[in-house]
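1. quick one, structure for this:
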Amino acid sequence: MVAAGIAVPGARHEATSRRSAWTAQGPTDRAVAEQQARPAGSLRVNAPMAFGALELAHWLPPFLARYPELRIDLVCNDRIVDLIEDGFDVALRLTSKLPDSTLIARRLASSGVALVAAPAYLERHGAPHTPQDLLAHNCLSYTLAAQPRDWDFTGPDGAAHHVSVQGNLQANTGIALRAAAVGGLGIAAAAAFIVRDELAGGGLVRVLPDYAIAPRELYALYPQNRHLSPKVRAFVDFAAELYRTRRWD
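-> From the prediction side, this is the model:
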């Protein structure tokens, strides 16, 4: 990084050379350069099912309005895909820890995780007061978590709490767990964006609100050979701009 007001040897010559080179280009050359720098063509995007349906699909219209020469091929699933082998330009991931890889990762936002249940469930079974109380409850688990039935909390005093829960449902998408929780089946741990509307409307209430679950971080991932692609850069920059303002919790 160059501090403001400090002269850099050769910088003026370099800038002058760039301007001269641009001036030397003919109208056709400039048109081709501008065309190549404009986001266009097909952008193949991978995202988790819940995030694709509840978040991404809602901001794709303004994104495509800004870049009308782009076409989006969106694939939503909750399995880990190989971006390079499966031909994706960019992927969005919500995770507490990224695995080692050669992909470029850009952090976009953080989503809290809420423990939730329907009021009717809590009326029938009572509300837990500590994480250990969850052992007496039907807990709904996300299949693709590293340890689906191992839930970790940080208490109000900063102490760590670990519980191995049990339940009669596990699913590979948070949307199914949300629906089951709203139906009164049990207690679920869900990303804030998945249960935001249900919490606001009273269909779900928070359980153990004084005990925190580690948040999930939202990342944009893309292969190194896509790093300078105008369409990938436009997509990632748009998402970063959008999530610069806190949207959840």
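2. the nearest residue to Cys139 once chain neighbours are set aside and Arg149, how far apart?
-> Among residues not flanking Cys139 along the chain, Val165 sits closest, at 3.7 Å (CB to CB, 6 or more residues apart in numbering). To be clear about C-beta, it is placed using only N, CA and C from the backbone, and glycine gets the same treatment. Counting by CB to CB, to the nearest Å, the separation of Val165 from Arg149 is 5 Å.
3. hey, what's in contact with both of the two?
-> Residues touching both Val165 and Arg149 (CB atoms under 8 Å, 6 or more residues apart in numbering): 139, 141.
4. more crowded one of those two?
-> Legend: neighbour count by other CB atoms under 10 Å for Val165 and Arg149, higher for Val165 (19 against 14).
5. does the more buried one touch Leu134 like I think?
-> Yes: counting by CB atoms under 8 Å, Leu134 is a contact partner of Val165 at 5.3 Å.
6. any shared contact partners between the two?
-> Common neighbours of Val165 and Leu134 (criterion: CB under 8 Å, 6+ apart): Trp151.
7. re earlier: give the contact list for the residue nearest to Cys139.
-> Counted by CB under 8 Å, 6+ apart, Val165 has contacts 134-135, 137, 139, 141, 149-151.
8. now do 7 Å
-> 134, 139, 149, 151 (CB atoms under 7 Å, 6 or more residues apart in numbering).
9. read off the pLDDT value for it.
-> Note for Val165: predicted pLDDT of 97.
10. tell me how far it lies from Gly201.
-> Relative to Gly201, and taking CB to CB, Val165 is found at 26 Å.
11. thinking again about what came up before, pick out the lowest-pLDDT one from the contacts of Val165.
-> Arg149 (93).
12. dump the contacts of Val165 into TSV; add distance to Ile194 and secondary structure as well.
-> Converted to TSV, these look like this (distance: CB to CB, whole Å; DSSP: H, G, I helix; E, B strand; the rest coil):
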residue	distance to Ile194	secondary structure
Leu134	19	helix
Cys139	16	strand
Arg149	19	coil
Trp151	16	strand
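13. same list (the residues you listed) but as CSV, adding distance to Pro209.
-> Listed next are these as CSV, based on distance: CB to CB, whole Å:
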residue, distance to Pro209
Leu134, 14
Cys139, 17
Arg149, 22
Trp151, 15
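14. strands of this protein, start to end?
-> For the chain, the strands defined by DSSP state E cover 41-47, 70-76, 90-95, 104-117, 139-142, 150-154, 160-164, 170-171, 187-191, 205-206, 213-222.
15. just these: most buried one?
-> strand 187-191 (a mean of 26; mean count of other CB atoms under 10 Å).
16. for that strand, output the C-alpha coordinates as CSV.
-> The C-alpha trace of strand 187-191 is given here as CSV (Å, rounded to 0.1, in the frame of the first residue of the first chain):
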residue,chain,number,x,y,z
ILE,A,187,-36.0,-28.1,18.9
ALA,A,188,-33.7,-27.2,15.9
ALA,A,189,-30.5,-25.2,15.6
ALA,A,190,-30.9,-23.1,12.5
ALA,A,191,-29.0,-20.2,10.7
